[in-house]
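1. The sequence and its predicted three-dimensional model are supplied below.
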Amino acid sequence: MENHQIEMGAIKANGLEVPNGGLRSSMMPSWSLHKPVGRVLQSIRTVIFTSKLNLLMPFGPATIILYYTTNWHGMIFLFSMLGITPLAERLGYATEQLAIYTGPTLGGLLNATFGNATEMIIAIYALKNGMIRIVQQSLLGSILSNMLLVVGCAFFAGGIVHRNKDQVFSKANAVVNSGLLLMAVMGLMFPAVLHFTHSEVQQGASEVALSRFSSCIMLVAYASYLYFQLSGRNNSYSQLGTEEVPNEDATEEDEEIEISMWEAITWLAVLTIWISVLSEYLVNAIEGASDSLNLPVAFISVILLPIVGNAAEHASAIMFAMKDKLDITIGVAIGSSTQISMFVIPFCVVVGWMMGQKMDLNFQLFETATLFITVLVVAFLLQDGIANYLKGFMLILCYLIVAASFFVHVDPQSSDDD
């Protein structure tokens, strides 16, 4: 009995009372090996296998196979579009998870930035290949899609779910974004007017110089807007909004944490790299797809390409509208349009300047007029701070008119080239 008690005492001493004892140290290697592996597998399962849209992911590798084995440019374009769409949506998901750790203000900025990462990557690849009109039209299409289709679908879905009441949002934030969008229209309008009135000091050179100067001014304005938002002044806007927004009460659901902060950062890097790979194949197939599918390049650039880039904004904006969180919907959709017009487009002009490409803000008369009318329509619909399914339906119908217009539109530069 004494020997047995002594042995049990030794086991107790080594196993429980001694922190670095024999039992615990012998178990550590298996725990340290299985825990990270299990965490990685859990993260992969959460990000890859929880969204039904990820069923489209095999189209990504299929795009690369088709590119090197066939000359079917139409199929390569469609497959690359389908392959990028779930990646853009998952990029938005990873950004939302990271935003939980960074707070609402910085999180909203991250949402808009990485939500537009797809458009920026596609634009830079097209710019590198000298496809300036495709860059201009794809970025214009992203703005139009966000302002008309994304906001329209969100208002319509939210209005159907909450059909017995009007949904409300902060008028102050909507006014600030509308002002920035009108400033962007002004920056795009003057180079176009200068070109079409033939009033340049130096033919061709003046509009490029004006575009580069205006782009720098727009970047300064956007940087000021970010400082204004992140410096805490935006809290007065939030308070102003909450005075007018009775639907955001204490019963609001908190965002569910599904992956850690470093996992979210890792997934952002992985998804961005994979999107950049597929974007190169997408850009290279655009002109061939236009011939094989018998669609105008303008229609492909303005209408079809933004469907890929706006997948994340579209899904999250509708989801938040159905949860009666209209301020987040406006922040995602209109904030994304603001960022493209005030940051991504001027940034592409500056990058083109560095590349030696004459990227300018002359988007041609038809495109500039379309953007101007769209900004006016959306600004008028947002000015009262009320959303319902009728407004959403009107915005969707406006987008259908824009899509039909670009379907029958012939790009003047491409006709001149012919």
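-> Perfect, I can see it now.
2. Okay, helices next: where are they in the stretch 51-200 of the chain?
-> Ranges of helices in the stretch 51-200 of the chain, per DSSP state H, counting those that start in this stretch, are 59-69, 73-102, 104-115, 117-128, 132-144, 151-161, 171-196.
3. looking at these, which is buried most?
-> helix 132-144 (a mean of 26; mean count of other Cβ atoms under 10 Å). C-beta here means a position set from N, CA and C on the backbone, and glycine is covered the same way.
4. So what touches that helix?
-> 116, 119, 122-123, 126-127, 283, 286, 297-298, 301-303, 305-306, 309-310, 336-337, 340-341, 344-345, 348, 352, 357-360, 363, 367, 370-371, 374, 399, 402, 411, 413-414 (Cβ atoms under 8 Å, 6 or more residues apart in numbering).
5. Can you check what angle separates it from helix 117-128?
-> 160 degrees (axes from the mean of the first three to the mean of the last three Cα atoms, to 10 degrees).
6. How far off centre is helix 132-144?
-> Chain-centre distance of helix 132-144: 14 Å, with Cα atoms, centre = their mean, to the nearest Å.
7. Alpha carbons of it, as PDB, please.
-> Output of helix 132-144 as PDB, limited to C-alpha atoms (Å, rounded to 0.1, in the frame of the first residue of the first chain):
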ATOM      1  CA  ILE A 132      -7.300  53.000 -71.600                       C
ATOM      2  CA  ARG A 133     -11.000  53.000 -72.700                       C
ATOM      3  CA  ILE A 134     -11.600  49.700 -71.000                       C
ATOM      4  CA  VAL A 135     -10.200  51.100 -67.800                       C
ATOM      5  CA  GLN A 136     -12.400  54.200 -68.000                       C
ATOM      6  CA  GLN A 137     -15.500  52.300 -68.900                       C
ATOM      7  CA  SER A 138     -15.100  49.500 -66.300                       C
ATOM      8  CA  LEU A 139     -14.600  52.100 -63.500                       C
ATOM      9  CA  LEU A 140     -17.600  54.100 -64.800                       C
ATOM     10  CA  GLY A 141     -19.600  50.900 -64.900                       C
ATOM     11  CA  SER A 142     -18.700  50.100 -61.200                       C
ATOM     12  CA  ILE A 143     -19.900  53.600 -60.200                       C
ATOM     13  CA  LEU A 144     -23.200  53.200 -62.100                       C
END
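8. quick one: average pLDDT of it?
-> Here helix 132-144 scores 90 as its mean pLDDT.
9. Measure how that helix sits relative to helix 171-196, angle-wise.
-> 150 degrees.
10. From the contacts of helix 132-144, which land in strands?
-> Of these, none are assigned to strands by DSSP state E.
11. Pull out the buried members of those residues.
-> 116, 119, 122-123, 126-127, 283, 286, 297-298, 301-303, 305-306, 309-310, 336-337, 340-341, 344-345, 348, 352, 357-360, 363, 367, 370-371, 374, 399, 402, 411 (16 or more other Cβ atoms under 10 Å).
12. low-scoring pLDDT stretches of the chain, where are they?
-> By pLDDT under 70, the low-scoring segments of the chain are 1-35, 103-105, 107-109, 111-113, 115, 204, 232-255, 312-313, 413-418.
13. Tell me the secondary structure at Pro202.
-> Quick fix: residue 202 is Gln, not Pro. Under DSSP: H, G, I helix; E, B strand; the rest coil, Gln202 falls in the coil class.
14. check contacts around the residue nearest to Gln137 when sequence neighbours are not counted.
-> Distance criterion Cβ to Cβ, 6 or more residues apart in numbering; nearest residue to Gln137, sequence neighbours excluded, is Ser301 at 3.6 Å. By Cβ under 8 Å, 6+ apart, the contact list for Ser301 reads Arg133, Ile134, Gln137, Ser138, Gly141, Ile286.
15. Nearest to Trp262 among the residues you listed?
-> Nearest to Trp262 among the contacts of Ser301, counting by Cβ to Cβ, is Ser138 at 32.6 Å.
16. Look up how far Thr46 lies from the closest one.
-> 31 Å (Cβ to Cβ, to the nearest Å).
17. all helices of the stretch 201-350 of the chain, in order?
-> Under the criterion DSSP H, counting those that start in this stretch, helices of the stretch 201-350 of the chain are mapped to 205-230, 234-244, 261-284, 286-293, 297-299, 305-309, 311-322, 326-339, 345-355.
18. Next, the buried residues of the longest one.
-> Along helix 205-230, the positions that meet the burial threshold by neighbour count (16+ other Cβ under 10 Å) are 207-208, 210-212, 214-215, 218-219, 221-222, 225, 229.
19. Distance to Phe393 added to those, as JSON lines?
-> Output for the buried residues of helix 205-230, formatted as JSON lines (distance: Cβ to Cβ, whole Å):
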{"residue": "Glu207", "distance to Phe393": "39"}
{"residue": "Val208", "distance to Phe393": "41"}
{"residue": "Leu210", "distance to Phe393": "39"}
{"residue": "Ser211", "distance to Phe393": "37"}
{"residue": "Arg212", "distance to Phe393": "41"}
{"residue": "Ser214", "distance to Phe393": "36"}
{"residue": "Ser215", "distance to Phe393": "36"}
{"residue": "Met218", "distance to Phe393": "33"}
{"residue": "Leu219", "distance to Phe393": "36"}
{"residue": "Ala221", "distance to Phe393": "33"}
{"residue": "Tyr222", "distance to Phe393": "32"}
{"residue": "Tyr225", "distance to Phe393": "31"}
{"residue": "Gln229", "distance to Phe393": "31"}
